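Trainee: below is the sequence, then the predicted model.
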Amino acid sequence: MQTTAIPKRDANMSLAYLVIAFLAFGIGAIAGLLQGLVRGGVIELPDWLNYYQILTAHGVLMALIFTTFFIIGFLYSGMSKTTGGLSNFSFNAGWIGWAMMFFGTAMATAAILLNDASVLYTFYAPLKATPWFYVGAALLVVGTWVAALGMLVNYAKWRKHNPGKISPLFAFMTVATLVLWLIATSGLAAMVLFQLIPWSFGWVADVNILLSRMLFWFFGHPLVYFWLMPAYIAWYVCIPKIIGGKVFSDSLARLAFILLVLFSIPVGFHHQLMEPGISEKWKFIHVILTLAVVVPSLLTAFSMFAVFETAGRRKGAKSLFGWFTKLPWKDVRFFAPMVGMLMFIPAGLGGIINASNQLNAVVHNTLWVVGHFHLTVATSVVLTFFGISYWLVPALTGRKLTKWVNRLGILQTLIWTVGMSFMSGAMHTVGLQGAPRRTDFTTYLDSVLGLSWMPYYKVMAFGGALLFIGGLLMIGLFLYMLCFAPKGQEEFPIAELGDNHEPTPRILERWRIWIAVSAVLILLAYGYPIYNVIQDPAPGAPPMRTW
Amino acid sequence: MHLHKFEKIWLIFGGITLVAFLITLGVNAFSHGHHPPSDLSRVQPAMVDQTAPFDKPGLVKTGENKYDLNMPSFVFGYAPNEIEIPLGAEITFHTTSKDVVHGFAIPGTNVNMMVVPGHVNSATTTFKKPGDYVILCNEYCGAGHHMMMAKIVVK
């Protein structure tokens, strides 16, 4: 009889999320390939398809749909694993959330494919998509809330039945991620429900643009931490087990997550540094709060390498860096996320540049930024998600991660990394020269400058083509692990705490305190600017369709 | 809470670096005035053509070797779309949008700003090298976004 890591019904629900995630990933990958080839001047699109349409599809399906479905599926499985299965309530909430998210996604994707929503994944007003695009987005967000509620209730039940005990680290980190998500999406929901839906249906004449942009970026930056935190969960909790080590420090891990919740929300103005209507002082306050996120990143970097070193030394490594060779490089469950971690070092440095008051003027809205998020999200986070898939899918289906899947997985990781290095490297370089992001093929009337950028666009197209091959391979491996791999048992890796582990301070689990601190920080950073932009708004803008 | 000795050193070192970096940014911003473009003035998007200074787009001399260049942005261009600028002059660009959100960037300079309808935005630079420059839109604004540009000739 086959067995799975978690109750069968919980496993199937998580798998339903992963299937939609990889479906979105597949369509998004096709859009990505086309884009790279068009921009590199390799192909031209047929008349019935425009560049900005596939750009919107790529952004929405990759950055919003693939990530969100994958994350919720992963978090649900870990919550089930570490709290002893899901209650009926949580299980049902998981399915209801899935259905709402699925219908929301289908509506928004249909709108994009019909060319009624070529507004990119930031959908900045006053570009007006069909109202059904915004309704789809709202349905997607509310669906995630239902799914989040299911997990939060399961966590609360665990704590009620285990009084005085510290919660499992995976469950704690899941809750931190969801708290961040719920706070962040409140801004997006306010914008979509109160501003864009009434305005796009024509019930109100115009929209307060600056307010919509503030609300969008209130969500837009924490969103990147919503992608990153599940990857951190795998790094802190799952990878130590895979390499035969232990959690370095339970308290530090929890502290890092609390700091991420606190510092990743009141920072949105650093995305609006080049914008009118916001004074320099408010921008600078957000820059300071943004760079405070460096602290939990440093905590994470230290913890991870401490885990690697201790595990390597336990296996007999002697010299200063000898432990590095003792790591299981041939195990894709380690290799893929480890490459992601290493790529996060230059990615994080680029992020510091983006967030800096004056340096941002050089890179704002250039391809540098696109290169940056293809290193952070599309490499660090996505390679970690791939790494998770290699054990999670077999663990959920009751199958084996076979030797050749492991080998192909390593090949897949290499293709992805090489492709991304070419593409992101070219984007960073040409971005510094001022080449804009989000543009169709153009040489700016054959200007010297426009022509000088073409070789970089060709390199980007080459990198994009490699990434497409890597993406196809990943989808193939996913389907194999889902349906065809031999039956067996695969481990759901959850590491134990270290030997000389000290008790975790209880205050780290007092959510009321942390949510209150977060609210105070948000009020400090956003209270006055939002009050001001509502009290004394600039002239509003009527809706427009410019494509 | 217990912290490993190496972790403490690592965090103190990282923390000091962070503070030093923030102080540098702060001094640069508030003592040397290197702020990002943050104009607070406003204009009705539908009335841009009737509102000064955008009713007369172009170069205006404001002082000894100092000029204002008023250039409204719209789908898919800037007015005027070609302009000659004296070498070594300090130019302050003022723009606003008549319709959707645009970008206003001049590669090779620090001029890079968002153009949001309802708001005016401004940035100042000095062209020290003669030659052709391009103003381009770097925020997606619609089907002709990649054609949205203006030319600057510095002589």
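Mentor: All right, it came through fine.
Trainee: is stretch A:234-241 up against chain B anywhere?
Mentor: No: counting by CB under 8 Å from any CB of the partner chain, chain B is not contacted by stretch A:234-241; separation bottoms out at 14.5 Å. In short, each C-beta sits where N, CA and C put it, glycine included.
Trainee: now for that stretch, what's the gap between its first and last residues?
Mentor: One end of stretch A:234-241 to the other measures 10 Å (CA to CA, to the nearest Å).
Trainee: let me see the mean pLDDT of that stretch.
Mentor: On average, the pLDDT along stretch A:234-241 is 96.
Trainee: now it, how far from the chain's geometric center?
Mentor: Its chain's average C-alpha position is 18 Å from that of stretch A:234-241, according to CA atoms, centre = their mean, to the nearest Å.
Trainee: cool, stretch A:32-42 as well?
Mentor: 24 Å.
Trainee: and the pLDDT at the residue of the stretch 151-300 of chain A found nearest chain B?
Mentor: At 3.8 Å from chain B, A:Pro276 is the closest residue in the stretch 151-300 of chain A, using CB to the nearest CB. pLDDT recorded at A:Pro276 is 95.
Trainee: pretty sure it sits in a strand.
Mentor: No: under DSSP: H, G, I helix; E, B strand; the rest coil, A:Pro276 falls outside any strand and is assigned coil.
Trainee: give me the number of residues near it?
Mentor: Applying other CB atoms under 10 Å in any protein chain shown, we find 25 residues neighbouring A:Pro276.
Trainee: tell me the contacts of it?
Mentor: Going by CB atoms under 8 Å, 6 or more residues apart in numbering or on different chains, A:Pro276 touches B:Pro37, B:Ser38, B:Asp39, B:Leu40, B:Ser41, B:Met113, B:Met114, B:Val115, B:Val116, B:His119, B:Val120, B:Asn121.
Trainee: likewise for B:Asn138?
Mentor: Applying CB under 8 Å, 6+ apart to B:Asn138 gives the contacts A:His364, A:Asn365, A:Thr366, A:Pro436, A:Arg437, A:Arg438, A:Thr439, B:Gly103, B:Ala105, B:Asn112.
Trainee: one more: B:Phe104?
Mentor: B:71, B:73, B:78, B:93, B:95, B:111-115, B:121, B:123, B:135, B:137.
Trainee: before we move on, what about B:Ala79?
Mentor: B:Pro57, B:Met71, B:Pro72.
Trainee: near chain A too, which of those residues?
Mentor: Answer for the contacts of B:Ala79 near chain A: none qualify (CB under 8 Å from any CB).
Trainee: could you dump the residues you listed to CSV with secondary structure and pLDDT?
Mentor: Shown next, in CSV, are the contacts of B:Ala79 (DSSP: H, G, I helix; E, B strand; the rest coil; pLDDT from 0 to 100):
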residue, secondary structure, pLDDT
B:Pro57, coil, 96
B:Met71, coil, 97
B:Pro72, coil, 97
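Trainee: going through those, which ones are buried?
Mentor: Using 16 or more other CB atoms under 10 Å in any protein chain shown as the burial test, the contacts of B:Ala79 include B:Pro57, B:Met71, B:Pro72 as buried.
Trainee: so where is the chain shaky, pLDDT-wise?
Mentor: Picking chain A for this. Low-confidence segments of chain A (pLDDT under 70): A:1-4, A:499-500.
Trainee: think we crossed wires, I meant chain B
Mentor: Ranges of chain B meeting pLDDT under 70: B:1.
Trainee: now the strands for chain B?
Mentor: Counting by DSSP state E, chain B has strands at residues B:58-63, B:66-70, B:73-74, B:77-78, B:82-85, B:90-96, B:102-105, B:112-115, B:120-126, B:131-136, B:149-154.
Trainee: which among those strands is found nearest to A:Ala292?
Mentor: For A:Ala292, the closest of these is strand B:112-115, at 24.7 Å, according to CB to CB.
Trainee: contact partners of that closest one?
Mentor: With CB under 8 Å, 6+ apart as the criterion, strand B:112-115 contacts A:272, A:274-276, A:361-362, A:364-365, B:37, B:73, B:93, B:95-97, B:101-106, B:121-123, B:138-139.
Trainee: which other helices and strands contact whichever helix or strand A:Ala29 is part of?
Mentor: According to DSSP states H and E, A:Ala29 maps onto helix A:8-39. With contacts defined as 3 or more CB pairs under 8 Å, 6 or more residues apart in numbering or on different chains; DSSP states H and E, helix A:8-39 has these neighbours: helix A:51-59, helix A:67-82, helix A:88-113, helix A:382-397, helix A:454-479.
Trainee: ok, back up a step: could I get the contacts of B:Asn138 as TSV with neighbour count and distance to A:Gly220?
Mentor: Output for these, formatted as TSV (neighbours: other CB atoms under 10 Å in any protein chain shown; distance: CB to CB, whole Å):
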residue	neighbour count	distance to A:Gly220
A:His364	27	14
A:Asn365	24	14
A:Thr366	25	18
A:Pro436	28	19
A:Arg437	22	15
A:Arg438	23	15
A:Thr439	21	21
B:Gly103	25	17
B:Ala105	26	20
B:Asn112	25	19
